[in-house]
Every structure is written in C-alpha cells, then in structure tokens.
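Chemist: Structure, please.
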Amino acid sequence: MISTVQELAAEALFVSYLQPSECPSRQTVEETVTAMLLRHGSDGCAAGVAEEFGDHPEAAVRRMNWVRHELSGLLAAPRRPHFAS
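Modeler: Here you go, the predicted model:
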C-alpha cells in the first residue's frame with residue numbers, strides 16, 4: 001500500500017508546475033501533490049508522466065530523480081502537527 005501511495009505522489013508531483021529551482025517547502029510539495037491529484041486524477045497523472053517520458057526522456061528522467069528526492073525527504077521526516085492560531 002505504501003509503495004502505491006508513493007508512486008501516486010511521485011506521478012502527481014512530476015506533472016505539476018513546481019520546479020526544483022523553487023526549493024519548495026514540505027507544505028508546498030504536499031499541497032501541490034494534492035492539487036494535481038484533484039485536478040488530473042491518478043490516471044491523468046500517470047498519463048502525463050508517460051507522455052513526458054515518450055516525448056522528452058532525458059528531461060523526464062532528471063525530473064523524476066528530483067521528484068523522488070523531494071518525496072524521500074518528506075517520507076523520512078516526521079510530520080509536525082499544524083495548529084491554527
């Protein structure tokens with residue numbers, strides 16, 4: 001189950017407009033993943049990844065490496081509760 005969730009998050013972040021140069025925060029990455037899943041659905045995210053790997057394989061590999069790096073940092077760090085003030 002965890003592997004499937006990780007794959008889904010990776011596909012969603014991959015198809016987003018978020019760029020490595022933005023050095024996104026944990027919250028930004030989480031919000032972006034959620035937004036992409038709501039916008040495209042799991043099938044749409046997977047299709048976007050497949051299209052990029054077909055059209056631009058070199059760039060897609062670099063982007064997926066960045067995505068995996070971002071998500072590994074999120075999964076390794078414990079999440080702090082967010083309290084509204």
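Chemist: I'd say residue 11 and residue 51 touch.
Modeler: No. Contact criterion C-beta atoms under 8 Å: residue 11 and residue 51 do not qualify, at 11.6 Å. In short, each C-beta sits where N, CA and C put it, glycine included.
Chemist: Okay, helices next: where are they in the protein?
Modeler: 2-15, 26-55, 57-76 (DSSP state H).
Chemist: elements contacting the second one?
Modeler: For helix 26-55, the packing partners by 3 or more C-beta pairs under 8 Å, 6 or more residues apart in numbering; DSSP states H and E come out as helix 2-15, helix 57-76.
Chemist: before we move on, what about the first one?
Modeler: Using 3+ C-beta pairs under 8 Å, 6+ apart, the elements in contact with helix 2-15 are helix 26-55, helix 57-76.
Chemist: I'd like to know how far residue 31 sits from residue 18.
Modeler: Using C-beta to C-beta, to the nearest Å, one gets 10 Å for the distance from residue 31 to residue 18.
Chemist: Compare neighbour counts for those two and give me the winner.
Modeler: Each of residue 31 and residue 18 has its neighbours counted (other C-beta atoms under 10 Å); residue 18 has more, 20 against 14.
Chemist: and the closest residue to the more buried one other than its chain neighbours, what does it touch?
Modeler: In this structure, residue 18 finds its nearest non-sequential neighbour in residue 32, 5.0 Å apart by C-beta to C-beta, 6 or more residues apart in numbering. Contacts for residue 32 (C-beta atoms under 8 Å, 6 or more residues apart in numbering) come out as 12, 13, 16, 18, 24.
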